[in-house]
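Engineer: this is a predicted model, with the sequence first.
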Amino acid sequence: MVDSCIKEQDRFFPIANVSRIMKQILPPNAKTLKEAKETMQEYVSEFISFLTSEASEKCRKERQKMMNGDDVCWAMGTLGFDNYAAPLKWFLDSFVAAVKGSDEVGYLTHTVLEIRNQ
C-alpha cells in the first residue's frame, strides 16, 4: 500500500537552496522573512512541477521512457519562457560536450563552474 500522505518537505524544492539563491540575488544587507522564503519555495516548486508536467506529457506522446534536458528546454519554449529556454539549452549543450570530453569529475566540475560564470 502506498502512503498517499506526502510530507510537505518532500513536495517542495529544498528551502536551503531557495535561501541560498535569494541571498545571492539580494543586496548583502537585505533581510528575508521566513514567510518570504517559504512563499518563494512554493512558487519555485510549482514552476518546476509545471515544466516537468509539460515535458512529461511530450515524452508520453512520443513514447519516450525517460525525460531529458532537451525535453525540459522544449517545455520552457512551449510554455512561453523563450528568454530562458535558449540560455538553458546552451548550458545543457555545453555541459554535455564537457561530459563527452572528459571522464574526470574534477574537470567536469571546473568546466561547469566556468560555464556558469560566463
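Structural biologist: Nice, I can see it. All of these numbers come straight from a predicted model, not from anything done at the bench.

Engineer: helices along this protein, start to end?
Structural biologist: Applying DSSP state H to the chain gives helices spanning 8-11, 15-25, 34-61, 69-78, 82-101, 105-117.

Engineer: and among those helices, the most buried is which?
Structural biologist: Among those, helix 69-78 has the highest mean neighbour count (mean count of other CB atoms under 10 Å), at a mean of 18. C-beta coordinates here come from the backbone N, C-alpha and C atoms, glycine included.

Engineer: what's the mean pLDDT across that one?
Structural biologist: What helix 69-78 shows for mean pLDDT is 92.

Engineer: who's in contact with that helix?
Structural biologist: 51-52, 54-55, 58-59, 64, 82, 84-85, 88-89, 92, 96 (CB atoms under 8 Å, 6 or more residues apart in numbering).

Engineer: where's the dip in pLDDT among these?
Structural biologist: Out of the contacts of helix 69-78, that is residue 96, at 82.

Engineer: out of everything not next to it in sequence, what's closest to that residue?
Structural biologist: residue 69 (7.9 Å; CB to CB, 6 or more residues apart in numbering).

Engineer: excluding residues flanking it in the chain, which one is nearest the residue most central in space within the chain?
Structural biologist: By CA atoms, centre = their mean, the mean C-alpha position of the chain lies nearest to residue 48, the distance being 6.7 Å. Nearest non-adjacent residue to residue 48, counting by CB to CB, 6+ apart: residue 13, 6.4 Å away.
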